[in-house]
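**Q** I would like to see how this sequence folds:
(chains A and B)
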Amino acid sequence: MSESGLSLERRIAALRGWLHEWAHGLYHGMVEHPAFEKIEKEAEDVEDEFLFACFADAFGIPSPVSYYTVELLPYLAEEFEQFERRMWDRESLLERKGQQYHFH
Amino acid sequence: MSKFVFFGGKGGVGKTTVSSAYGLKCANAGLDTLVVSTDPAHSTSDVFDQQFGDEPAPVEGHDHLWAMEIDPDEEVQAHMQEIKRRMGDQVSPAIVSEIDRQIELAHQTPGAYEAALFDRFIEVMRSADDYDRVVFDTSPTGGTLRLLSLPDFLDQWIERLIDKRTQSIDLFEKAAIGEQEARKKVADDPIIAHLRERKEKFEFAAHTLESDAEFYLVLNPDELSIRETERAIAQLTDYGLAVDGLVLNRMTPAPDDDEDGRGARYLRDRVRTERERLDRIRETFDEPLVAVIETRVEEVRGALLADVAAELDIDVAAEPATQ
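**A** All right, here's what the predicted structure looks like:
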């Protein structure tokens, strides 16, 4: 009697645990992740603006500060390389902003 | 009298002669004076008949006088090597070559020469505690004038860069879910630290140029030089820098009255035209004409320099550091 009571409690606890994990997963997938993904995309966009302001001359636009901003490259090497590729490959702002809705 | 004195003007008007002479004048008045030359063509080394390098060295035969020469090309190269060296320390070899291209590109832009020179000027101004007066003989490119207007402009630019960077890092922090570590943090971002350091340097330069510097333009008595000077003054005014005076160099000496050969008649003609121009300069420019210097037969150096120095009516008075 007491044994089955204990196991029932345990089963309820397990069920609650599963439900919690499932609900969190659902919340994460539907709300949390897309929201954070949007923020991260926005962060990347702002970072691109920053990199572009620093290294506009990489795209043929002469910049009076490039002599000074190039000093930042040792810290930014990897970001710069990705940024350069992104900038050359980027199709349109619509395409970039549309990515977050996962139509494809 | 300000501590930092700049002489500008187009190539060949005699900036180096005038700045060296002024330096000598200050030194003779007991001021510890440093002459900084940036013109690779005609340099203080020729005037004092002594080789000068990147660091201040005492001028032989003159008390209180030091000189140094900045080579902008060398500065640009050194700057590039330093960045490449830091690249090697911090970046994986796989992308170094890709980034190298960008570094070289940035050092070939038209502004690189000016930026390198400006950097060095700031350094000299920052470490000038040992001197009562520092005389800058600026290089003949038009960019040198622009350079002096840069601090404000660069300062604002850097400010915007710091804002953008802070904004993007802030977003990265917000995007870090739960316990997950943010990709970047403001507190330990080396980029922001580096930009702040730069900003400080520019603020120092802007402040010093505004409060403790004077600008003189050297010109010759010919139409081109006069027009060039008008333009330079307009430009400097645009940038918010006032020109404190003009130095008219290379005036033709008049022949003696009893001479009447072809050469003497030519000289007399020339002297007359130059007098007219001199009067015009006095009338049309608001800036005072602080010296009118005659052409010398030889290159101005040695004892001739002292003569030229005596002709300069630029105040040297300042409190010597020793008092």
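**Q** Quick check, pLDDT for residue 41.
**A** Going with chain A. At A:K41, the pLDDT value in this model is 83.
**Q** let's do chain B instead
**A** Per-residue confidence at B:A41 stands at 67 (pLDDT).
**Q** cool, B:S225 as well?
**A** B:S225 is assigned a pLDDT of 91 by the prediction.
**Q** cool, and the one 5 residues further on?
**A** At B:E230, the pLDDT value in this model is 92.
**Q** same question, B:D212
**A** Value listed for B:D212 in the pLDDT field: 91.
**Q** thought it was touching B:V5?
**A** No. Between B:D212 and B:V5 there is no contact, the gap being 10.0 Å when judged by CB atoms under 8 Å. No exception for glycine: its C-beta is placed from N, CA and C like everyone else's.
**Q** Tell me which of these two has more neighbours.
**A** Looking at B:D212 and B:V5 with other CB atoms under 10 Å in any protein chain shown, you find the greater number of neighbours at B:V5, namely 24 against 14.
**Q** that's a strand at the more buried one, yeah?
**A** Yes. Going by DSSP: H, G, I helix; E, B strand; the rest coil, the assignment for B:V5 places it inside a strand.
**Q** Return the distance of it relative to chain A.
**A** Relative to chain A, B:V5 is positioned 26 Å away (CB to the nearest CB, to the nearest Å).
**Q** Check the average confidence over the lengthiest helix in chain A, would you?
**A** The helix spanning the most residues in chain A, taking DSSP state H as the definition, is helix A:2-27. Mean per-residue pLDDT for helix A:2-27: 86.
**Q** And the next helix or strand past it?
**A** Elements were assigned by DSSP states H and E; along the chain past helix A:2-27, the next helix or strand is helix A:33-54.
**Q** Got phi/psi on B:E259?
**A** Dihedral angles phi and psi of B:E259 (degrees, to the nearest 10) take the values phi -80, psi 140.
**Q** Tell me how many other residues crowd B:A234.
**A** When neighbours are counted by other CB under 10 Å, B:A234 registers 10.
**Q** what are the ranges of the strands in the stretch 1-150 of chain B?
**A** For the stretch 1-150 of chain B, the strands defined by DSSP state E, counting those that start in this stretch cover B:4-8, B:33-37, B:57-58, B:65-69, B:133-137.
**Q** so what's the residue in chain A that chain B sits nearest to up against?
**A** Using CB to the nearest CB, A:A43 is the residue of chain A that sits closest to chain B, at 3.4 Å. Taking CB atoms under 8 Å, 6 or more residues apart in numbering or on different chains, we find A:A43 in contact with B:168-169, B:171-172, B:174-175.
**Q** Considering only these, which also neighbour chain A?
**A** By CB under 8 Å from any CB of the partner chain, the members of these lying near chain A are B:168-169, B:171-172, B:174-175.
**Q** which among those residues end up buried?
**A** Those of the ones next to chain A among the contacts of A:A43 that meet the buried threshold are B:168-169, B:171-172, B:175, by 16 or more other CB atoms under 10 Å in any protein chain shown.
**Q** Pick out the residue closest to the middle of chain B.
**A** Computing the C-alpha centroid of chain B and ranking residues by CA atoms, centre = their mean puts B:T138 first, at 3.9 Å.
**Q** just checking, B:E228 touches B:G8?
**A** No. Contact criterion CB under 8 Å: B:E228 and B:G8 do not qualify, at 10.5 Å.
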